[in-house]
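# My questions concern the predicted model and sequence given below.
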Amino acid sequence: MKPNNQHKEKCTQNDRRRYMRHTLYMISGIMLLLLVSAGMISTAFAADSPDAPASASAHKPAAIEEFSGEVVQLAGTQTADIVWDKDNFGGFCYDLNGIVGTETLTIAAGTLTGPNVDRTIEEDRLVYTTIPLSRTYAIIDDGVADSLGRVYGIDVTSFAVEGWMGKKRVAISTGGSTAPNANKLSKLLVEFKANSDKKTLATGDPWDLGGGFTLTAKQIDLQGNKVWLSLGKDDKEIDDSVIDAGPYGDKRYMHTEDLYEVDDVVVFFCWVDTVFRGTESNLVQVRYVFLIDNDIEKIETSTTYGNMEVETAIADRVVLKNDGSIDLIRNTEVEIMGDLSFKTANNAGAIEFYPHLIRDELPVLTEGDEFAAWDSGESIWNSTYKPTATEELSGESAELAGTQTTNLVWNKNNFEGFWYDIDGGAGTETLLIASGTLTGPNTDRTIEPGALSYTTSPFWQEYELHKNLGLTVERNIHTSDSGYSTEFWMGERYVAINGRPDKLIKPLIEFNNADIKILATEEAWDLGGGLALVARQIDLRGEKVWLCLNKDGTWLDSAIIDTGSSDLQSRVYTYTVDIAGDSDVPVFFCYVSGVFRGVESNMVQVKYVFLIDNVVYQIRAGDTYDNMEVVSTTSSQVTLENRNNIALSQSPSTHQIMGNLSFKTVDSSGAIEFYPHLIRNELMALSGGGDEFGSEGCGEYSWNLHENYTIGWYPAGGRYQVDLRGEKAWIALCKDGVTVDIRMLIEEFKTHVDSECRYSYTENGIEVISATLEAVFRGHLTDVVKLKNVNQYSSTGTQLMYDESKTYANADPTGEVWRCWGGYSLDPKDISIAEDEVWLSLSKNGVIVKDAIVDCNVDRWFRYYNTTGALVFSTYVGAVFSDADTNLVMLESTTQYSEADGDLLVNQRKESWQLYENYDLTAIEAYDNGSAWLKLSQNGRFMDEGVFHDGFSLRNKTTGYTIVSGTISGFTYNITPYSSEAVGVTLASITQYRETDGEILSTWGSKTLNETKNRIILRTGIAIIKHTGDLNGDNRITPADAAIALRLASTGAHNPAADVSGDGCVTSLDALMILQAAAGTIEL
């Protein structure tokens, strides 16, 4: 045996990599221990949890199956070959990614003569043949990967199956080869056939694969993207590999071995779907697991098996013939080989017999996580969802004064009981009374059996998930993954399983585009009937969530969902079960639109939730429903006809058809007057957000809009917070002091899908509020949430607000303010904990004109344009620095322009040389090639600049006179052991000239200037400014704040900033004091 080598010729390199890998993991382990000792990471694993998923045992009892082939009856001479194969003998049939069979058993023509002339199969007259058949690996069929890997530069895409004495085997071959070896067979131990088959591994917990094999997730890296997997057999490691399941990693793990003179046979494969590093559990989820035994059975010529001897054993086939006579004695069992035999009947008139097989080996493991079955007990609909409210619906009235000459038909167009508000109106039911059935007014008022028919058919309905995001419930493997079939039955809505009109199940939940559900970790969302969805844990990076679906506290399924990838399909969680003979029916799915890891709370936001009931309603021909009987069920329609007379009386009365569907007659002496009637005992709308909002989002950090709306920062988990990475925040919309909507948004430049940073609220089909989350900031002193593109429309579509913005902050720090020209000042308020963002605020005469979160990973420029569109101020964030004592921001290439005439203004620097007549000479940058960038300004206004090598000359741009000139004589350097860098320039023979006439004003021998690189370093967040009484966050106290305080007082809500009286509660006194402060009569 040898280690996993996808390229055999690189064995030595792989050994070196393994040594390096072990070394790296030793270092990583030491780091991990340090983090654990510091209390930053828990060492608990999922296996420690009593609710952890159980492993499907690979040591289940052998499944004993018996198969009998087609019966042969020979009353005379056998004139043709008798052949058994997969089509007439179940023992030669296997379900390996489809129905296959490779074995045949043949009795040559002329061998037997019945009933008793010749009952003996002479030597070599019975022939058994088996051949290998190529099958594609499931992961290739599903389109998840192009290959399992490469061996000798060839893609591995298929393997060969072969039946051997009625048992499933793999004919081994070199990975990627299309030439299997029919005479070298291995047991297939594990084969996950579908994307829904998965196994969740906790680190350090070996998974028993069967045959002595185990798979162990030894460690997960600190970033939660890579896993160190170990494959073992008989308690010894035979291979290990580090698999990168990150966005750009290779998730495939393939192990090959040299087996029985066949190089690089694929023994094991798995796809590492997700790696999860949490605070309590470290998990790995694998799919498409494939494993064969590395103990090979070699079939050789002249070997005997029972009554058969191997005649041919070559690469493409194995042939055996009977090596002695086989007597088919009546009423007995005769061995062929192994568990394969002939069974004869006690028939005196013919040779009656058939092949028989007992298959008693361990089944192939096809799933990893072992959960409770989808309970088909009491209906969830009946126990939870069936409402008490009813509605009565009537159809078009029929009036027959004479003979009925045409069919009477009711459908969705003339009977609202058959009409449903789905995508503009839908209906599949028809009720028909055949022509000639009735004659009015009193000649014939009876509907005879067979004269009344009811038909219904399914129609395709697109999932909201596919309609809005283009995503499917699995992996776009089946066309049905984008939608389902809806059918109406006796006036109620159902889902038709796989489009079958006779297999119906109740839909329970279907979220539309606006519906959401917010889950806190470990909070069980009750879906009804004991069914619950639980967000067990969120990983350390706040991108993945471990979801579990349980019923009455018992797990049904679990999955790790990754929202950190641009592959939105990976955010869909689907739970499928086999229902009424149909495989992998999606009974529940949801889309995880956001995962939020905060300081005090962890939450998950889900959308597009879909759930159907657990009980199937099957309709069969011959079933009766009150006065109706099912006469046919086809692939597209169910038809019922009345089985009893239905007499339509003249007096007002109700005549049942079936269920809550009936005919109602009207008292009319001149005609038979009646109409269909339905009592519907269900709610028509299946959507709903599942969340009931209070008034939490209408308090401290809310912004008043029009028509009593406010939009604000929602206190998720009871605290105004952003996520730990400073990318996500909760936004709440209120009306009349009540929260009507909550959304978790991701800042604009961090989202993978545009809708995740856009807020939209629709009322009666009109988008009344929209906004974009421009930035989220988690700083050392404050958290900041910034909205832009805020628009509002009235209920009639009139625009009330256009493209406005709002900044929310839970503190107001101020840094080392930089005073600029024209009353402008720049305040570096705070830097992010990650040291890649800075909050800058530009004011003019004390009024903020622009504030922004500058993200160094996106755009480092901070620019301000005035109302005329002219650029007034710009600066470039060169660096952000933080240590235990100081937070600093370095600004470069700062420019300011006069709002009066557009002139460039230059802020005086301490490194500048002050000349006569208020001129300043500044060295912007010194270059290693012997040149320097010099700039001349006067009274803060730019005059001239240039890059000079030998001599320099700078002039007044207005008068045209040269102001200063000289030569460049040398440079100063910053010298380190590894490099030297020019940091200053020495000027010589310097002359300044009078600006009015150009005459010499002064001369200097030399002057050394340090380069500025047009940069300045400022301290951030050196103080916190508190704005008591400022409730709408506009940094002012106005009557609007008093109105908010009064609303808080009336609802009993509390906001510390509103309690200006300091008595611990918000009352009308506080509102009065804030109003007085706004008027300037008191000071808070």
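Perfect, I can see it now. What you see is a predicted model; the values in this text were computed from it and never measured.
# which residue lies farthest from the center of this structure?
What lies farthest from the middle of the chain is residue 999; by C-alpha atoms, centre = their mean that is 76.0 Å.
# Now do the contacts for that residue.
Neighbouring residues of residue 999 by C-beta atoms under 8 Å, 6 or more residues apart in numbering: residue 993. Just so you know, the C-beta spots here come from the backbone N, C-alpha and C atoms, and that holds for glycine as well.
# Could I get the full set of strands for the stretch 701-850 of the chain?
Ranges of strands within the stretch 701-850 of the chain are 702-704, 709-713, 728-735, 738-746, 758-763, 766-778, 783-793, 799-809, 813-814, 818-819, 824-831, 837-844, 847-855, based on DSSP state E, counting those that start in this stretch.
# buried ones in the helix or strand that the last one is followed by?
Right, strand 847-855. Next helix or strand after strand 847-855 toward the C-terminus (DSSP states H and E): strand 861-865. Neighbour-count burial for strand 861-865, counted by 16 or more other C-beta atoms under 10 Å, picks out 862, 864.
# So which elements touch strand 861-865?
Helices and strands touching strand 861-865, by 3 or more C-beta pairs under 8 Å, 6 or more residues apart in numbering; DSSP states H and E, are strand 837-844, strand 847-855, strand 871-882.
# ok, back up a step: of all the strands of the stretch 701-850 of the chain, which one comes closest to residue 579?
strand 738-746 (33.8 Å; C-beta to C-beta).
# and residue 190, bridged to which residues?
residue 291, residue 365 (DSSP bridges).
# same check, this time on residue 792
When bridges are called by DSSP bridges, residue 792 pairs up with residue 769, residue 801.
# Domain-wise, how is the chain divided?
Domain ranges of the chain: 8-62+134-297, 66-130+300-359, 464-617, 708-810, 906-1019, 1026-1079, per automatic domain parsing.
# Just put these in TSV and tack on distance to residue 890 and mean pLDDT.
TSV is the format used below for the domains of the chain (distance: least, C-beta to C-beta, whole Å; pLDDT from 0 to 100):
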stretch	distance to residue 890	mean pLDDT
domain 8-62+134-297	29	79
domain 66-130+300-359	61	93
domain 464-617	29	88
domain 708-810	17	90
domain 906-1019	5	90
domain 1026-1079	27	80
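# can you put those domains in TSV and add distance to residue 702?
As requested, the domains of the chain are exported to TSV (distance: least, C-beta to C-beta, whole Å):
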stretch	distance to residue 702
domain 8-62+134-297	32
domain 66-130+300-359	57
domain 464-617	18
domain 708-810	3
domain 906-1019	32
domain 1026-1079	7
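# Out of these, flag the one nearest residue 827.
Closest approach to residue 827 among those is made by domain 906-1019 (8.8 Å; C-beta to C-beta).
# Ends of that closest one, what's the gap?
21 Å (C-alpha to C-alpha, to the nearest Å).
# The helices and strands packed on strand 861-865: which one's closest to residue 471?
strand 847-855 (28.8 Å).
# can you give me the angle that closest one makes with strand 837-844?
Using axes from the mean of the first three to the mean of the last three C-alpha atoms, to 10 degrees, the inter-axis angle of strand 847-855 relative to strand 837-844 is 160 degrees.
# Given strand 847-855, what are its sheet partners and their directions?
The strands beside strand 847-855 in its sheet (DSSP bridges) come out as strand 837-844 (antiparallel).
# now the strand it pairs with, how far from the chain's geometric center?
36 Å (C-alpha atoms, centre = their mean, to the nearest Å).
# same check, this time on stretch 410-421
38 Å.
# picking up where we left off before, in a markdown table, list the strands of the stretch 701-850 of the chain along with mean neighbour count and distance to residue 488.
Formatted as a markdown table, these follow (neighbours: other C-beta atoms under 10 Å; distance: least, C-beta to C-beta, whole Å):
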| stretch | mean neighbour count | distance to residue 488 |
| --- | --- | --- |
| strand 702-704 | 21 | 45 |
| strand 709-713 | 24 | 39 |
| strand 728-735 | 25 | 36 |
| strand 738-746 | 21 | 32 |
| strand 758-763 | 16 | 28 |
| strand 766-778 | 21 | 30 |
| strand 783-793 | 21 | 37 |
| strand 799-809 | 16 | 42 |
| strand 813-814 | 20 | 62 |
| strand 818-819 | 13 | 70 |
| strand 824-831 | 24 | 59 |
| strand 837-844 | 23 | 55 |
| strand 847-855 | 18 | 53 |
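# would you turn those into TSV with distance to residue 194?
Formatted as TSV, the strands of the stretch 701-850 of the chain follow (distance: least, C-beta to C-beta, whole Å):
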stretch	distance to residue 194
strand 702-704	48
strand 709-713	44
strand 728-735	33
strand 738-746	32
strand 758-763	35
strand 766-778	38
strand 783-793	43
strand 799-809	47
strand 813-814	55
strand 818-819	62
strand 824-831	49
strand 837-844	44
strand 847-855	42
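# Nearest to residue 82 among these would be which one?
Here strand 738-746 is closest among the strands of the stretch 701-850 of the chain (C-beta to C-beta), at 69.6 Å.
# list the helices and strands the closest one packs on?
Right, strand 738-746 is packed against strand 582-597, strand 602-612, strand 728-735, strand 758-763, strand 766-778 by 3+ C-beta pairs under 8 Å, 6+ apart.
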